[in-house]
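**Q** Give the three-dimensional model of this entry:
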Amino acid sequence: MADDEDDKTEEPSDKKIEDAKKEGNVGKSAEVPGAAILIFSSIYLLFFSGHLFTELKSMMLYIFSFIGQEMDGTVYYTITYTVIMALLYALTPLFILVIVMAFAFNVMQFGFVFTPIKLKFDKLNPISGFKNVFSMKKILEALKLMAKLTIIFVVMYVIVLFVAKDVLSMMDMGIGASMYVIIRLTAYFIAAILLIIFIFAIIDFYFTKHYYIKSLKMSKQEVKDEHKQMDGNPEIKGRIRQIQMKMAQQRMMSDVPDADVVLTNPTHYAVALKYEKGTASAPKVVAKGIDFLALKIKDIARENDVPIIENPSLARALYDQLEVEQEIPEEFYKAIADIFSYIYNLENK
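**A** Have a look, this model is predicted:
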C-alpha cells in the first residue's frame, strides 16, 4: 500500500479531476461555508435586523393581548398559526441568506456539480462504519476541533482579563450604562469568535485542496494509460488508417476509367488526369500511385482505353506536388496543354 502511494508522483490530469467530480469526489472544505454563514448572518443581524425585531415585538404583543382571556381550542389554534407565520415572515430573509451563502461558497470551491444519489449498502456495515470513526481523517478532524475550541477558550480568557475592570465597574453604573458595557463585551466576544472561525476556514480550505490533489495523484503508468485511452490504441488507430487508405484507393481506382490521360514514369509512377470542360479551370488529378498501385492504375487505364503517356519528369513532379482531386497549377499548364493537344489529335485521327 505504501509502495502504491510512493508511485503516485504525477499531478492529476484535468480528466482525472473531472472524473472525480462526476463521482461526487470534490475538494470541499466544510469550514468555508460554515464560516461564511456565521459571518454574513452576524452582519445581517447587526445592520439589517430592524425588520426581524419589529416582527418579533409585534408577535410578543399579540401573545400578551390574550392574557386574562378565556382560552379554548380555537384560540390556541389562532395563536399558534399567527406565531408560526410571524416567525416565518421574520426569519425568511435570514433563512434565504443562509441557503445562498451555503450554495455560493460550495460552488466557489469546486464549481457546480450534480451527482445522482447512489445507495451504497456497504456504508451500512457497522464494522466499516466503526473503522471510519477511527480513521486518520476523523482523528485529524477531532484534533482540529479541539484546537479550535482551545484557541477560542484562550482568546475568551484574554478578553475577560482585558475587560475585567469594565465588568467590575458595572456595580456602580446605572442600568443603561451597564447594558452598554454588556453589549460592547458581547461584540468583542462575537468578533473574536468570528475571526478565529474565519482563520480556521482559510487554513482548512488550503489543507483540503492540498490533500484532495494529493489523493488524486497518478503514477507514471496511469498517466500513460490515460494518454493511450484519450489518444486511442495505436494498433486500433493503425487498423483504422489502413481501412481509410483502402477505401480511398478503391474510390480513386473507380475514377481511373473516366480519366483523360495517365502519365507514367514509366514503371514506378502513374498519375491519372481528367479535364471537365466548363466546370473546372484546369485538369485535376483523379488518381496517383507508385509501384504496385501505379501498375494497377495502368491496367485499369488499358482496360478502359485511357491513353497512357510516358513522361517521367512530369509524372514524378505531379505525384510529389499534387494530391488527388487537386487541380494542376499554372506552372504545369504548358506541359499539360501539349499532352492534351496530342491526345485530341490522336482521337481526331
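**Q** Would you mind giving the domain segments of the chain?
**A** Domain assignment for the chain, taken from automatic domain parsing, gives 10-226, 236-348.
**Q** Show the secondary-structure elements that the longest helix along the chain is packed against.
**A** When secondary structure is assigned using DSSP state H, the longest helix within the chain turns out to be helix 175-215. With contacts defined as 3 or more C-beta pairs under 8 Å, 6 or more residues apart in numbering; DSSP states H and E, the secondary structure elements packing on helix 175-215 are helix 31-47, helix 136-162, helix 164-169. Placement of C-beta: from N, CA and C, glycine included.
**Q** For the first one, name the packing helices and strands.
**A** Packing contacts for helix 31-47, counted by 3+ C-beta pairs under 8 Å, 6+ apart, involve helix 73-110, helix 175-215.
**Q** Show me what counts as buried in the first one.
**A** To tie it back to what came earlier, the one meant is helix 73-110. When burial is assessed from 16 or more other C-beta atoms under 10 Å, helix 73-110 yields the following buried residues: Ile79, Ala86, Ala90, Leu94, Leu97, Val98, Met101, Phe105, Asn106, Gln109, Phe110.
**Q** and Leu61, how many neighbours does it have?
**A** When neighbours are defined as other C-beta atoms under 10 Å, Leu61 has 9 of them.
**Q** Please list all residues in contact with Ile197.
**A** With contacts taken as C-beta atoms under 8 Å, 6 or more residues apart in numbering, Ile197 has the following neighbours: Glu31, Gly34, Ala35, Leu38, Ile39, Lys148.
**Q** Can you mark which positions in stretch 268-277 are buried?
**A** So, applying 16+ other C-beta under 10 Å, buried residues of stretch 268-277: Tyr269, Ala270, Val271, Ala272, Leu273, Lys274, Tyr275.
**Q** need the next SSE after the one helix or strand the third one maps to, C-terminal direction.
**A** In this case it means Val271. Using DSSP states H and E, Val271 sits in strand 269-274. Beyond strand 269-274 on the C-terminal side, the first helix or strand identified by DSSP H and E is strand 284-290.
**Q** Please work out which residues outside that next one touch it.
**A** By C-beta under 8 Å, 6+ apart, the surrounding residues in contact with strand 284-290 are 249, 252-253, 255-256, 258-259, 268-276, 296-297, 318-319, 322-328.
**Q** at 7 Å what do you get?
**A** Counting by C-beta atoms under 7 Å, 6 or more residues apart in numbering, the neighbours of strand 284-290 from elsewhere in the structure are 252-253, 255-256, 259, 268-274, 296-297, 318-319, 322-328.
**Q** Ok, stretch 333-349 next?
**A** When contacts are taken as C-beta under 7 Å, 6+ apart, the neighbours of stretch 333-349 outside the stretch itself are Asp260, Val261, Tyr275, Ala282, Pro283, Pro307, Ile309, Leu314, Ile328.
**Q** Now do the contacts for the second one.
**A** Residues in contact with Val261, defined by C-beta under 7 Å, 6+ apart, are Leu273, Val306, Pro307, Ile309, Ile339, Ile343.
**Q** Just the buried ones from these, in PyMOL syntax?
**A** For the buried members of the contacts of Val261, the matching PyMOL selection, counting by 16+ other C-beta under 10 Å, is:
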select buried, resi 273+306+307+309+339+343
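**Q** Can you lay out the contacts of Val261 as a markdown table showing secondary structure, distance to Ile193 and pLDDT?
**A** Supplementary listing: these in a markdown table, determined by DSSP: H, G, I helix; E, B strand; the rest coil; distance: C-beta to C-beta, whole Å; pLDDT from 0 to 100:
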| residue | secondary structure | distance to Ile193 | pLDDT |
| --- | --- | --- | --- |
| Leu273 | strand | 87 | 87 |
| Val306 | coil | 93 | 83 |
| Pro307 | coil | 96 | 85 |
| Ile309 | strand | 95 | 83 |
| Ile339 | helix | 94 | 82 |
| Ile343 | helix | 97 | 80 |
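**Q** can you name the two of the contacts of Val261 that are farthest apart?
**A** By the measure C-beta to C-beta, Val306 and Ile339 form the most distant pair in the contacts of Val261, at 12.9 Å.
**Q** sec struct for the closest residue to Ala248 other than its chain neighbours, please.
**A** Spatial nearest neighbour of Ala248, excluding adjacent residues (C-beta to C-beta, 6 or more residues apart in numbering): Val324 at 7.7 Å. For Val324, the secondary-structure state derived from DSSP: H, G, I helix; E, B strand; the rest coil is coil.
**Q** For Val324, grab the count of nearby residues.
**A** The local packing of Val324 (other C-beta under 10 Å) involves 17 other residues.
**Q** Please name the residues that touch it.
**A** Contacts for Val324 were tallied using C-beta under 7 Å, 6+ apart; they are Met252, Val285, Val286, Ala287, Lys288.
**Q** For the residue nearest to Lys8 when sequence neighbours are not counted, give me its contacts.
**A** Residue nearest to Lys8 in three dimensions, not counting chain neighbours: Lys217, with 4.1 Å by C-beta to C-beta, 6+ apart. For Lys217, the contacting residues are Lys8, Thr9, Glu10, Glu11, Pro12, taking C-beta under 7 Å, 6+ apart as the criterion.
**Q** Angles on the backbone of Lys217, please.
**A** Geometry field for Lys217 lists phi and psi as phi -60, psi 150, criterion degrees, to the nearest 10.
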